[in-house]
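>>> Build me a structure from this.
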Amino acid sequence: MSVDADRTVSESSTMEAGTNAGIVPALDELVALRRAVLGRRPPRRGRHGLSGQATSPVRGRGMEYAESREYTQGDDARHIDWRLTARTGRPHTKVFQAERERLTLIVADTAPQLYFGTRTRFKSVQAARAGAIAAWAAVRDGDRIAALRGSGREAPVVPAAGPRGALRVLDAMVRWYAKPPENDDGLSVALDHADRLLRPGARLVVLADPLSVVAQPPSRWPTLVQHREVVVLLLCDPLERDPPRTTLPFWIDRAAASAPHRVELDLATGAQRERWQAAFSTPMDDALAILARSGIRASALSTDAPSESWLHLFAGSRAA
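Sure, this is the predicted structure:
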């Protein structure tokens, strides 16, 4: 399986991956994607390290104006609100919003249909790479980073800030997308858990198969997006969206005890192409429409696309 020029994996990493390149994610591959994000805008540093861009209702001496109140002894004279002081005849001082670290939570769908691909890499590998891009973007923005998948038995990756938090998430992406997990309870369980963890102002990134999104109840997405920034990436393969007008061979393993056998699908006929579109294109279109109606920023992410091509979906991004 060839790898296109957008991949930032080093030559040595590619040699180590060998025939698994594009089939299973590698940790060094995901670490190398840091350059695709942090090269765009360096993290903002303050006296205590990386500082986040999200604000909280806590009042303090931060950077964003909140209100003005009457001056009391001990207030910094540099923050006097001269206009209000002149208007009222009593000294007033400005109070600012205190900055706090925001949580970026990455939810990984591990549906079996993601472990497949015909161009550049498997959908599962592209999902892992997109998760890595989201993690490095969280580092850039000074967020704490966490991740989870649909499992009632596996604990989420606990929130942590900086490269340490990102590496924990990257390690989870490698484990989850190396092969279909045996105890996958589905995207619905993952989103239930995410809804309990997230607070107002948090950022949520969902890596999902379109069928998993369509299967959610109608009230799921409007509830999830309230007071949060939500981005959903729908993994797809070029063959699914645009199949060739020819006969395609498939190998099917119906049971572990039987040998795989060859099945040919004639996609030159209209009826077969309509079935193909109903199985692949229709769920993608339906998922994008559902998310758009809920006010969620979403995008299809093909296996042959640059893994960072969706970053403009983040609010406040320069690309947006």
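>>> Please name the bridge partners of the spatially most central residue of the chain.
Nearest to the mean C-alpha position of the chain, by C-alpha atoms, centre = their mean, lies Val205 at 3.3 Å. Taking DSSP bridges as the rule, Val205 bridges to Ile106, Val231.
>>> State the helix or strand in which Pro306 lies.
For Pro306, there is no enclosing helix or strand under DSSP states H and E.
>>> Where do the helices of this structure begin and end?
For the chain, the helices defined by DSSP state H cover 11-17, 27-32, 34-38, 82-88, 123-140, 162-178, 187-197, 210-214, 220-224, 238-241, 270-279, 281-293.
>>> Among those helices, which comes closest to Gly152?
Proximity to Gly152 (C-beta to C-beta) singles out helix 187-197 among the helices of the chain, at 6.2 Å. For glycine as for every other residue, the C-beta is placed from the backbone atoms N, C-alpha and C.
>>> Against Arg228, how distant is the residue nearest to the centre of the chain?
For Val205, the distance to Arg228 equals 11 Å [C-beta to C-beta, to the nearest Å].
>>> How about Ala160?
The value you get for Ala160 to Arg228, if C-beta to C-beta is used, is 20 Å.
>>> Settle it for me: which of these two has more neighbours?
Arg228 (18 against 15; other C-beta atoms under 10 Å).
>>> pLDDT wise, what is the more buried one at?
We have a pLDDT of 93 for Arg228.
>>> excluding its backbone neighbours, what's nearest it?
Excluding its sequence neighbours, the residue lying closest to Arg228 (C-beta to C-beta, 6 or more residues apart in numbering) is Ala202, at 5.2 Å.
>>> Now do the contacts for the one you found.
Contact partners of Ala202, counting by C-beta atoms under 8 Å, 6 or more residues apart in numbering, are Arg102, Leu103, Thr104, Leu105, Arg228, Glu229.
>>> Test my guess that Gln84 contacts Ser68.
To be clear, residue 84 is Leu; Gln isn't right here. Yes. The pair Leu84 / Ser68 is scored as a contact, 5.2 Å apart, by C-beta atoms under 8 Å.
>>> Where does pLDDT dip in the stretch 51-200 of the chain?
The stretch 51-200 of the chain contains residues with pLDDT under 70 at 51-66, 96-100.
>>> go again using 50 as the cut-off
51-63, 98 (pLDDT under 50).
>>> if we can go back for a sec, just the contacts of Ala202 now: which is nearest His193?
Looking across those and measuring by C-beta to C-beta, the closest to His193 is Leu105, at 9.5 Å.
>>> thinking again about what came up before, find residues that contact each of Leu84 and Ser68.
His92.
>>> Break this structure into its domains for me.
11-43+102-234+305-313, 55-99 (automatic domain parsing).
>>> Tabulate those domains in TSV, adding columns for distance to Ala271.
Output for the domains of the chain, formatted as TSV (distance: least, C-beta to C-beta, whole Å):
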stretch	distance to Ala271
domain 11-43+102-234+305-313	22
domain 55-99	56
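>>> Of those, which is nearest Arg241?
domain 11-43+102-234+305-313 (10.6 Å).
>>> Report the distance from the closest one to the chain centre.
Centroid displacement of domain 11-43+102-234+305-313 relative to its chain, using C-alpha atoms, centre = their mean, to the nearest Å, is 5 Å.
>>> got it, and stretch 280-300?
Worked out by C-alpha atoms, centre = their mean, stretch 280-300 lies 15 Å from the chain centre.
>>> Pull out the buried residues from it.
Under the neighbour-count criterion of 16 or more other C-beta atoms under 10 Å, stretch 280-300 has 280-281, 283-284, 287-288, 290-291, 294, 296-300 buried.
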